[in-house]
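# Take this sequence and fold it.
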Amino acid sequence: MKKTLLVAALFATIFAGCKKDNDEDFHVSFSVNGTNKSYTGHVFAHKESVSGFTTLVINGSSSATSYDDYLGIYLDNYPAGASFATGEYNDAGTTYSLLTTYENSGSEYEAGQSTAEDAVTYGVTITNHFKINITQLNAETIRGTFSGDYYPGGNVRAAGKIAITNGEFYAKFQ
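Residues are numbered from 1 along each chain as shown. Next up is the predicted model:
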């Protein structure tokens, strides 16, 4: 009887601790001008360090071959070299670089530091500056939120700005 209980307890522990990756809810979801969009087919994060500088990429798309329908976020710690941690990063930061691209059916929209710098140069007011908030970061996954105004091709003087709100990501590092 003890042996049966021990084996049952062992299996219960193993099954409780083993969760398949596809059981996870990896996603990049957001609203574009109030319309919901969600990527679950191909979602990943990638982190790479070279000579003390680290690049972090989060990507969501429908499939691994979807080149015209995706959202990507790029964050690196240049020029300061500080480690990434949970917290907020925005397009006004000076100790890191933050960029993002949303591509939908061949139309590309960008936000981030270079867009914010162009807005200052051209006297354009960005109503909702791009920001991300990393709420969970470990060796295996990253989770957080994001929002901001995205401009066609990153051109703050072009018509067709879109507002991305309610952004949320949960991705596994690859």
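
# Beta-bridge partners for the residue nearest the centre of the chain, please?
Centrality entry for the chain: nearest residue to the mean C-alpha point is residue 58, 4.1 Å, by CA atoms, centre = their mean. Partner residues in beta bridges with residue 58, using DSSP bridges, are residue 45, residue 73.

# so it sits right up against residue 45, yeah?
Yes: between residue 58 and residue 45 a contact is recorded at 4.9 Å, counting by CB atoms under 8 Å. Where you see a C-beta, it was placed from the backbone N, CA and C, and this is true even at glycine.

# In contact with the residue nearest to the centre of the chain, which residues?
28, 44, 45, 72, 73, 142, 169, 171 (CB atoms under 8 Å, 6 or more residues apart in numbering).

# Could you find the closest non-adjacent residue to the fourth one?
Counting by CB to CB, 6 or more residues apart in numbering, residue 59 is the residue found nearest to residue 72 once chain neighbours are left out, at 4.6 Å.

# pLDDT weak spots in this structure?
By pLDDT under 70, the weakly predicted segments of the chain are 1-23.

# Would you state the strands of the protein in chain order?
With DSSP state E applied, the chain shows strands at 27-32, 35-39, 42-50, 53-61, 69-76, 87-90, 97-104, 107-112, 131-137, 141-152, 162-172, listed in chain order.

# To residue 124, which of the ones you listed lies closest?
Nearest of those to residue 124, taken as CB to CB: strand 141-152 at 8.8 Å.

# If you tally nearby residues, what's the number for the residue nearest to residue 72?
Other residues near residue 59 come to 20 when the count uses other CB atoms under 10 Å.

# Same check on residue 78?
When neighbours are counted by other CB under 10 Å, residue 78 registers 12.
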